[in-house]
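Visitor: Attaching a predicted model along with its sequence, questions to come.
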Amino acid sequence: MTEATDLTGKILIAMPEMGDPRFANAVVFLCAHSEDGTMGLIINKPTQELRMRDLLEQLEITPGPDLRDLPVHFGGPVEHGRGFVLHDYGYHSAISTLDIDDAFAMTATLDILEDLADGRGPTHALLALGYAGWGPGQLEAEIADNGWLTCEADKDLVFATADTDKWEAALSRLGVSSLMLSSDAGRA
């Protein structure tokens, strides 16, 4: 895969009429994209019943007084019992952090939750259970079939925009309104 087609660190925006309801109006941050496949986290679908405090309780981690009780997101349909934390680049886990680019990193080990519980974690964080995954060439085919748009990721969109507004905000970065979108791809 050439560097020009590497989508690592980019945002996927689900097109209307997405065939899979789990991805309807989804905004997906791509953590890894290569010829071997793609892994990303849906960043705009918080679970209705689970917050960080609940997750810490289940994991028997005592929250400190500086806990930010973040929502827990549905990160995707793969391994939904596994947790991932997408965060700003400045934090690195003692065990394992995947550096995505110079703005974002991801950690999937328990120590980041312990650090967040104590108020020592990353400045910006998004918690997710599960991830979205595509096999080799699968995402490229879905993009070619008009299933997804792509745009640049930035901390404001990922961490500061309300979940309910992320899809429209991502579209607006492309100069597009949802009212302008069609689920039919053009063919010349």
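Guide: Yep, that arrived.

Visitor: Q138: neighbouring residues, count only.
Guide: 12 (other CB atoms under 10 Å). Just so you know, the C-beta spots here come from the backbone N, C-alpha and C atoms, and that holds for glycine as well.

Visitor: so it touches T38, yeah?
Guide: Yes. With contact defined as CB atoms under 8 Å, Q138 and T38 form a contacting pair (7.5 Å).

Visitor: Phi and psi next, for the residue nearest to the spatial centre of the chain.
Guide: Nearest to the mean C-alpha position of the chain, by CA atoms, centre = their mean, lies L41 at 3.0 Å. Dihedral pair for L41: phi -120, psi 130, per degrees, to the nearest 10.

Visitor: Touching both of Q138 and T38, which residues are there?
Guide: Residues touching both Q138 and T38 (CB atoms under 8 Å, 6 or more residues apart in numbering): there are none.

Visitor: circling back: isn't the residue nearest to the centre of the chain right up against C31?
Guide: Yes. If you go by CB under 8 Å, L41 and C31 touch, sitting 6.4 Å apart.

Visitor: Name all residues that sit in contact with those two at the same time.
Guide: 84, 86, 106, 131.
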